[in-house]
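> what would the 3D arrangement of this be:
(2 chains)
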Amino acid sequence: KNQVEQSPQSLIILEGKNCTLQCNYTVSPFSNLRWYKQDTGRGPVSLTIMTFSENTKSNGRYTATLDADTKQSSLHITASQLSDSASYICVVSPNDYKLSFGAGTTVTVRA
Amino acid sequence: DVKVTQSSRYLVKRTGEKVFLECVQDMDHENMFWYRQDPGLGLRLIYFSYDVKMKEKGDIPEGYSVSREKKERFSLILESASTNQTSMYLCATKRQGVIYGYTFGSGTRLTVV
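Next up, the predicted model:
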């Protein structure tokens, strides 16, 4: 069983609308949680990284939250743009070399 | 910016062929990684390397080997390609001791027929 579960698997939103992606994890111990954006045919690019002590971090229109007690994270996209169409991957790390990847949420933004 | 270059975007190989996937980075990072990515699954670690000539098995090393003769180059080798190795392969690099600094290449989509 994957230790990082993401939901929904995919979603479609209209340009300009907001959306929230969910990530639940069971990875232990916990060092940090990252959100990556992966465009089709490209490698993942880091959006945010949060440690145990951080509960929110923003990168432009992307805001990630972390609740380490419940082992949940979310990624909120504000005022979506067509360029936000991508796969968003939640990654939890117990140490410097081990990353546990979620399967990703595919976001499609339509005009 | 760190540049991680994978030599091929798309490859088609025949079953039983020996396949080399190359990854080159230009920022002197000590750590390099090979992952495969399949639909519905998260990225899975095949092998990683702490430094030159050092390698460690990841979660799914079976059917693969690696070579790191120079710091900037990390090669993934499929000794005898099989159809279940059809996948997207991603290389990543990171500076030793820096937790946050993973940088990924653009990937090689390998099809084994």
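
> interface residues of chain B facing chain A?
B:4, B:9, B:31, B:40-45, B:48, B:56, B:90, B:92, B:97, B:99-100, B:102, B:104-107, B:109 (C-beta under 8 Å from any C-beta of the partner chain). Every C-beta, even on glycine, is put in place using the N, C-alpha and C of the backbone.

> what about the residue positioned nearest the centre of chain B, which helix or strand?
Most central in chain B under C-alpha atoms, centre = their mean is B:Trp34, positioned 2.9 Å from the mean C-alpha point. Element membership of B:Trp34, judged by DSSP states H and E, is strand B:31-37.

> list the contacts for the residue nearest to the centre of chain B?
B:Trp34 is in contact with B:21, B:23, B:45-48, B:58, B:64, B:66, B:74, B:76, B:89-91, counting by C-beta atoms under 8 Å, 6 or more residues apart in numbering or on different chains.

> let's see 6 Å
B:Ile46, B:Tyr47, B:Leu76, B:Cys91 (C-beta atoms under 6 Å, 6 or more residues apart in numbering or on different chains).

> closest one of those residues to chain A?
Comparing the contacts of B:Trp34 against chain A with C-beta to the nearest C-beta places B:Cys91 closest, at 8.1 Å.

> burial count for that closest one?
27 (other C-beta atoms under 10 Å in any protein chain shown).

> quick one: it from B:Arg44, how far?
Relative to B:Arg44, B:Cys91 is positioned 14 Å away (C-beta to C-beta, to the nearest Å).

> again with B:Val4
In this view, B:Val4 and B:Arg44 are 18 Å apart by C-beta to C-beta.

> CA atoms of the strand holding B:Trp34 as PDB?
C-alpha atoms of strand B:31-37 as PDB (Å, rounded to 0.1, in the frame of the first residue of the first chain):
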ATOM      1  CA  ASN B  31      23.900  12.600  -5.200                       C
ATOM      2  CA  MET B  32      22.200  11.200  -8.300                       C
ATOM      3  CA  PHE B  33      19.000   9.100  -8.500                       C
ATOM      4  CA  TRP B  34      17.100   7.000 -11.100                       C
ATOM      5  CA  TYR B  35      13.300   6.700 -10.800                       C
ATOM      6  CA  ARG B  36      10.700   5.100 -12.900                       C
ATOM      7  CA  GLN B  37       7.200   6.500 -13.200                       C
END
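
> partners of that strand in the sheet?
According to DSSP bridges, strand B:31-37 forms sheet pairs with strand B:44-49 (antiparallel), strand B:87-94 (antiparallel).

> list the contacts of the longest one.
If I follow you right, that is strand B:87-94. Taking C-beta under 6 Å, 6+ apart as the rule, strand B:87-94 contacts A:43, B:4, B:6, B:21, B:23, B:25, B:29, B:31-38, B:101-105, B:107-110.

> next secondary structure after that strand?
That would be, after strand B:87-94 and using DSSP H and E, strand B:103-104.

> which elements pack onto that following strand?
Strand B:103-104 is packed against strand B:87-94, with contacts defined by 3 or more C-beta pairs under 6 Å, 6 or more residues apart in numbering or on different chains; DSSP states H and E.

> give the buried residues for the strand or helix carrying B:Leu110.
Using DSSP H and E, B:Leu110 maps to strand B:108-112. Buried residues in strand B:108-112, counted by 16 or more other C-beta atoms under 10 Å in any protein chain shown: B:Thr108, B:Arg109, B:Leu110, B:Val112.
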